[in-house]
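[1] Coordinates for the following, if possible.
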Amino acid sequence: MSKFDEMKRIKDEILVLEKSPLFNYRTENKYFPVIGEGSHDSRVMFVGEAPGQNEAKTGKPFCGRAGKILDELLASIGLPRSEVYITNTVKDRPPGNRDPEPVEIEIYSPFLDRQIEIIRPKIIATLGRFSMAYVMKKFELESALQPISKIHGQIFETKVSWGEMKILPLYHPAVAIYNASSLDTLKEDFQRIKEYI
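    Numbers count the residues shown, from 1 in each chain. You can find the predicted model right below:
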């Protein structure tokens, strides 16, 4: 099965995921699940937390204000958005843009696990503390977990079936909407990605 077909199967399963506590909220609001977007052969995979309203209306990840900041950060390292893969831990929008709940992460994370297997990235950059916690625990780096304010921009190494993989915890781009000075920190942290592109 091609990578495209495998991703389509994930989308088809999420579309009818009635056991999700977010399923009714999505269907009542005529929202889309946000599966992911970008190159299925990318060396760099970005994993955010959950879609916001703009994302749920379009089915595209990071297409609102935070997405514009992400585009700016990608441009700062000369990496076209089309050459990375961008997704979220939770694939449906939580009401009121609240944080994803543990049960939601538990329901949607197997889909993320499959996406990682399909793409086989060299580096996963997590965007925000929920994706950081999930990805680091999944790849047996739980002992290195600290608050994101302490470990953002640091590279953590792990072994996967396709070789070595790096994990880079990053602040969520939305922090720069509320705190302009954090954009400089994000740009500095993004420089670490250049080693893998």
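
[2] Local confidence estimate at residue 197?
    Looking at residue 197, its pLDDT stands at 79.

[3] Residue 73 versus that one, what's the distance?
    The gap separating residue 197 from residue 73 is 13 Å, by C-beta to C-beta, to the nearest Å. Every residue, glycine included, has its C-beta placed from N, CA and C.

[4] Tell me which of these two has more neighbours.
    residue 73 (22 against 14; other C-beta atoms under 10 Å).

[5] shouldn't the more buried one be in contact with residue 187?
    Yes: under the criterion of C-beta atoms under 8 Å, residue 73 makes contact with residue 187 at 6.3 Å.

[6] Centroid-nearest residue for the chain?
    What sits nearest the mean C-alpha location of the chain, by C-alpha atoms, centre = their mean, is residue 47, with 1.5 Å.

[7] For that residue, grab phi and psi.
    In terms of degrees, to the nearest 10, the main-chain angles of residue 47 are phi -120, psi 110.

[8] now do residue 160
    Dihedral angles of residue 160 (phi, psi; degrees, to the nearest 10) stand at phi -130, psi 170.

[9] give me the number of residues near it?
    The burial count for residue 160: 14, using other C-beta under 10 Å.

[10] now it: how far from residue 19?
    28 Å.

[11] ok, now residue 10?
    When distance is defined by C-beta to C-beta, residue 10 is 15 Å away from residue 19.

[12] Not counting residues beside it along the chain, what's closest to the residue nearest to the centre of the chain?
    Spatial nearest neighbour of residue 47, excluding adjacent residues (C-beta to C-beta, 6 or more residues apart in numbering): residue 131 at 4.5 Å.
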